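Student: coordinates only, sequence not included:
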Ligand code: TSB
Ligand code: ZN
């Protein structure tokens, strides 16, 4: 007999070869039903994996997060088996459980289309009915290489394992896969799943290797959970800025123009200019001075700053002419250092806040590009604040507060604040420990003193210093950085920045890098998702649409109304096309225009405006003057 010790310290005796399923059953039949796998001496064990010697056990039940992972991992195997039955040439890359489900990377001559997913699902259901047990076998590396001799992907994975390591493989019916394990023991436990999409994925994430086909899916313990999750996905899809951006004609991406190089369409560009205007005014009110600097710089400028040494992977390849080598800039900091150095500075001049709406380029990995959220050409609401050390606290807080004001003006929701620190990754960060420790300690102390809650993130700092990043959550449930305040002691050294202190001596200022509301690209993705495409009136590309009921009777009045609104610099449009009224109204509705103004007999006779607000049913009739006042106020309040 062997001793099995439970988490609470209880010990029970079993025959050697007992499985987690048996152990759960010996305690209570209800527990057996709920148990999915177990940690046995901290190793993840399948439900049906035998235990041969004394061990501690921690049963994993369905309510545990780990259980969801086990279920989804098992479902990935089930899917692979189904794919192999349908497309016998299929070979498999990796197939892990992920946050809300699983995927598997597949190599097959057959191009898997969305229509095929239903077929694969049906085959999976058939295999579930076969109740195949998922059994584990441990073999040597040599045996594993032999076993998978026809599969180059598995060969590569096996070769990467340490010599002498035992390798586990899992079989269910005719299907065998290389796998660490943590499975449900039998395909019959897999009941409520759905295949979601298929996409291309490079083998081992390497764009120089072949492209495999990746099928995503999700698997749940109950029908209700699956349905609830599918509803969430549906809602996310509706909110996806890539879909909204297309429908509302905000931006486009075209392979011909280049990957990650977005084109702003008239509607998007109107919103962008409105935001630009807003940022310039806000910054001017808060003591920022605006400059404009070029997108190209010399290589030597970026060598001085350290970008060349630490940030080169994110930069486009160099451009060489006979005389000089150029960098397409990934950041504007070096230019702003030059602006600082253009005059002799005294302690009385500081702080100096230079701001610029900066176009810059980053050579982001093609796999990471996503709509407007992560692009290669972007325009940042940037600033570099030059301050004395005794001004750091006030200036960081000023920047932080201005960011919060802008975020609140835009009606956006922050997820959390992150303090991005360095780690010991070689080459990613500058190597002056003293400067790092001082900068990190300064930011930490400041956040603590101000009672600003934050999450620390090691390894996420900029190469020149730690950052306070303001994070938002996207429709796809990714966390991305919107705003940032960064404390930099390095660039002042690199560019030999000085000011003359009260003592008549030279001193070093510090630099605070500040991104106000991200880049226009990323901000637009966030706005589209958080508003679901329905911009508030002050930002809307078209603020109101004037629609005459009949062209004969009402066009003149409609035109006059439209002209009046245009004169007030409202973004009004007149729909005087020869189309049915219902069609025009539906189209204005689909374009999510804040105000629809339908002009008929009554409006013409009484010189009034009847409006319907986006998202509301009722129509309201008011005098022209009242309507104008209402819109003016709404724009002013950024309501
Ligand atoms: C704030 N030098 C600083 C600047 O002075 C800087 O560039 N910091 S940054 O690298 O963190 O970038 C600033 C902001 O740009 C980020 O917070 C993020 O909101 C946005 N951003 C970064 N990379 C991309 C990208 N590939 N696509 C869209 N926006 C991006
Ligand atoms: Zn900067």
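Tutor: Right, received. Where do you want to start? As the structure is a computational prediction, the values presented were derived from the model and not from experiment. Ligands and ions are numbered 1, 2, ... in the order given.
Student: tell me who's in contact with the residue nearest the centre of the chain.
Tutor: Among the residues of the chain, residue 478 comes closest to the average C-alpha position under C-alpha atoms, centre = their mean, at 3.8 Å. Neighbour list for residue 478: residue 373 [criterion: C-beta atoms under 8 Å, 6 or more residues apart in numbering]. Where C-beta positions appear, they are placed from N, C-alpha and C, glycine not excepted.
Student: I'd like the distance between it and residue 236.
Tutor: Distance, residue 478 to residue 236, using C-beta to C-beta, to the nearest Å: 11 Å.
Student: tell me which parts of the protein are close to ligand 1?
Tutor: Within the chain, the residues that sit near ligand 1 (C-beta under 6 Å from any ligand atom) are 331, 333, 362, 364, 374-375, 378, 380, 382, 384, 481-482, 484, 513-515, 518-519, 521-522.
Student: burial of the residue of the stretch 1-150 of the chain at minimum distance from ligand 2, as a residue count?
Tutor: Using C-beta to the ion, residue 99 is the residue of the stretch 1-150 of the chain that sits closest to ligand 2, at 32.0 Å. Neighbour count for residue 99, taken as other C-beta atoms under 10 Å: 11.
Student: state the pLDDT value of it.
Tutor: We have a pLDDT of 90 for residue 99.
Student: number of residues surrounding the residue nearest to it when sequence neighbours are not counted?
Tutor: Of all residues not flanking residue 99 in the chain, residue 477 sits nearest, at 7.5 Å (C-beta to C-beta, 6 or more residues apart in numbering). Other residues lying near residue 477 total 11 when counted by other C-beta under 10 Å.
Student: ok, now residue 568?
Tutor: 12.
Student: does it really touch residue 628, like I thought?
Tutor: Yes - contact between residue 568 and residue 628 holds when scored by C-beta atoms under 8 Å: they sit 6.4 Å apart.
Student: would you list the phi and psi of the residue of the stretch 1-150 of the chain closest to ligand 2?
Tutor: Backbone torsions of residue 99, given as degrees, to the nearest 10, read phi -50, psi -50.
Student: quick one: average confidence on stretch 111-123?
Tutor: 96.
Student: quickly find the element holding the residue of the stretch 401-550 of the chain found nearest ligand 2.
Tutor: Residue of the stretch 401-550 of the chain nearest ligand 2, by C-beta to the ion: residue 513 (3.5 Å). Using DSSP states H and E, the element containing residue 513 is strand 510-519.
Student: what's the first helix or strand after that strand?
Tutor: Following strand 510-519 in sequence, per DSSP H and E, is helix 520-531.
Student: distance check, the spatially closest residue to residue 233 that is not a sequence neighbour against residue 100.
Tutor: Nearest residue to residue 233, sequence neighbours excluded (C-beta to C-beta, 6+ apart): residue 196, at 7.1 Å. Note on residue 196: its distance to residue 100, by C-beta to C-beta, is 9 Å.
Student: same question, residue 69
Tutor: According to C-beta to C-beta, residue 69 and residue 100 sit 11 Å apart.
Student: can you list residues touching both of these two?
Tutor: Common neighbours of residue 69 and residue 100 (C-beta under 8 Å, 6+ apart) do not exist.
Student: more neighbours: the two, which one.
Tutor: Remark: of residue 69 and residue 100, residue 69 carries more neighbours, 20 against 17, as counted by other C-beta under 10 Å.
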